[in-house]
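1. Give me a model of this one.
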Amino acid sequence: GEARFRFGMAKAASVICMYEMQSWQSPHGRPLPAPGPRTLVMGVLNVTPDSFSDGGQLGSEQAVVDRAGQMLAAGADLLDLGGESTRPGAAPVSIGDELARVVPAIEAVRRAYPQAPLSIDTYKPEVATAALAAGADMINDIWGGTHGLTSAERAAWQRAASDAAPAGDAEPPVPRPSAMAAVAARWRCPIILMHNRPDRAYGDFWPAVLLDFRLSLALAHTAGVVDAQIWLDPGFGFAKEPAHNLAVLRELSRIVALGYPVLVGTSRKSTIGRVLGTTVDHRLEGTGATVVWAIQQGAKMIRVHDVAEMVRFARMADAINAGLAFA
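-> I've put the predicted structure just below:
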């Protein structure tokens, strides 16, 4: 029955899959840069008044277009537009306010740079839908498709996605599907599933993190998102203490081993400030160190504010990885 089919799809998420190097596709037919030996660089375009490091800097459509042009000229492969700050303690933003921020910005950047790959940074399906209609190519979801699930629904999906799921002929209850995953499936667009959770009560940290990823993958697969359109993000700075953030970076290869390309976003974050004792505007070198480490561990894309500088860190890390094959 339908319940058995959905459960089977959820279980399939726990099986390691391998992404195809050039297969992710924009719903608009726009070329997307292939993940490979050259690490991709995603530039951050926050059209918010209160983001932790660059809030309020892009107060007009022209300012957004100008910053987009600067990032593209500096070597950004993609641009990530967001209309709601995700820093700790940030005030929530209504759907209407977020739409009013991001849709005109996307339309303006699209007019100025018709071929630039654009991502919408949102966890709201309504915002993702409008952004895709305005010309965005992909979704960057900080909740990995899980936002809005109750604790009981989250637990049910975890059971479905885990190896401990019930066996036998009895059909398990099918929890509520992911509205965001449904948007990605309907638009046939790429989606970045970031690790996040409602609390920091991990218990055994790595098994919990990997189960959370299987939950997000189960949601995506059940909605019909194909593997070639999925990226993973360790969620550096989200639902984690500084030691947790350092752990997901130190052993990023565990997430890479799931078989999907991995995006890492450490740029200017508070854990770097905690380690170095620096304010947000003095975290360039710390960010560079995390970028090089992430690439060495297998990251295929980095999300950064300081594009020109981080491109140089990435190219050097790529060259070291190439070794004797460098040309």
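2. mean confidence score for stretch 206-214?
-> For stretch 206-214, mean pLDDT is 97.
3. Within the helices and strands, which one has Ala128?
-> Per DSSP states H and E, Ala128 falls inside helix 125-134.
4. Show me what the next helix or strand after that helix is packed against.
-> Once the chain leaves helix 125-134, the next helix or strand it forms, by DSSP H and E, is strand 138-141. Secondary-structure packing of strand 138-141 (3 or more C-beta pairs under 8 Å, 6 or more residues apart in numbering; DSSP states H and E): strand 78-82, strand 118-121, helix 125-134, helix 179-187, strand 191-194. To be clear about C-beta, it is placed using only N, CA and C from the backbone, and glycine gets the same treatment.
5. try 6 Å this time
-> strand 118-121 (3 or more C-beta pairs under 6 Å, 6 or more residues apart in numbering; DSSP states H and E).
6. ok, back up a step: could you pull out the buried residues of the helix holding Ala128?
-> 125, 127-132, 134 (16 or more other C-beta atoms under 10 Å).
7. pLDDT of stretch 181-198, averaged?
-> 98.
8. What is the helix holding Ala128 packed up against?
-> Helix 125-134 packs on helix 95-112, helix 179-187, going by 3+ C-beta pairs under 6 Å, 6+ apart.
9. Sketch out the low-pLDDT regions of the stretch 101-250 of the chain for me.
-> 163-174 (pLDDT under 70).
10. switch to 50 and redo it
-> Scanning the stretch 101-250 of the chain for pLDDT under 50 picks out 165-172.
11. Backbone dihedrals for Trp231, please?
-> Here is the backbone geometry of Trp231 (degrees, to the nearest 10): phi -120, psi 160.
12. Could you shift the numbering so residue one becomes 337, and keep it that way?
-> Got it, first residue is 337 now, which makes that one Trp567.
13. ok, now which ones touch the nearest residue in space to it that is not next to it in sequence?
-> Spatially, and ignoring its direct neighbours in sequence, Trp567 is nearest to Ile528 (4.4 Å; C-beta to C-beta, 6 or more residues apart in numbering). Contact partners of Ile528, counting by C-beta atoms under 6 Å, 6 or more residues apart in numbering, are 476, 567, 569, 599.
14. which residues pair with Ile528 across the strands?
-> Beta-bridge partners recorded for Ile528 (DSSP bridges): Asn476, Trp567.
15. which one's the longest strand in the chain?
-> strand 376-382 (DSSP state E).
16. tell me the angle of that one relative to strand 414-418?
-> Here strand 376-382 runs at an angle of 30 degrees relative to strand 414-418 (axes from the mean of the first three to the mean of the last three C-alpha atoms, to 10 degrees).
17. Now tell me what touches strand 376-382 from outside.
-> Residues from elsewhere that reach strand 376-382 (C-beta under 6 Å, 6+ apart): 369, 390, 407, 412-418, 637-639, 641, 643, 647.
18. Okay, buried residues for stretch 363-378 please.
-> Buried, per 16+ other C-beta under 10 Å, within stretch 363-378: 363, 368, 370-371, 375-378.
19. which one of these is nearest Tyr538?
-> Closest approach between the buried residues of stretch 363-378 and Tyr538, by C-beta to C-beta: Met378, at 27.3 Å.
20. Check the gap between that closest one and Val640 for me.
-> 7 Å (C-beta to C-beta, to the nearest Å).
21. intersection of neighbour lists for the two?
-> With contacts defined as C-beta under 6 Å, 6+ apart, no residue is shared by Met378 and Val640.
22. before we move on, back to that, and the contacts of strand 376-382, which is closest to Arg536?
-> For the contacts of strand 376-382, the minimum distance to Arg536 (C-beta to C-beta) is 22.1 Å, reached by Arg639.
23. Bridge partners for the closest one, pull those for me.
-> The partner residues for Arg639, given DSSP bridges, come to Met378.
24. now the strands for the stretch 537-663 of the chain?
-> In the stretch 537-663 of the chain, the strands defined using DSSP state E, counting those that start in this stretch lie at 566-569, 599-600, 637-640.
25. In a markdown table, list the ones you listed along with mean neighbour count and distance to Thr607.
-> Listed next are these as a markdown table, based on neighbours: other C-beta atoms under 10 Å; distance: least, C-beta to C-beta, whole Å:
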| stretch | mean neighbour count | distance to Thr607 |
| --- | --- | --- |
| strand 566-569 | 24 | 15 |
| strand 599-600 | 27 | 13 |
| strand 637-640 | 26 | 15 |
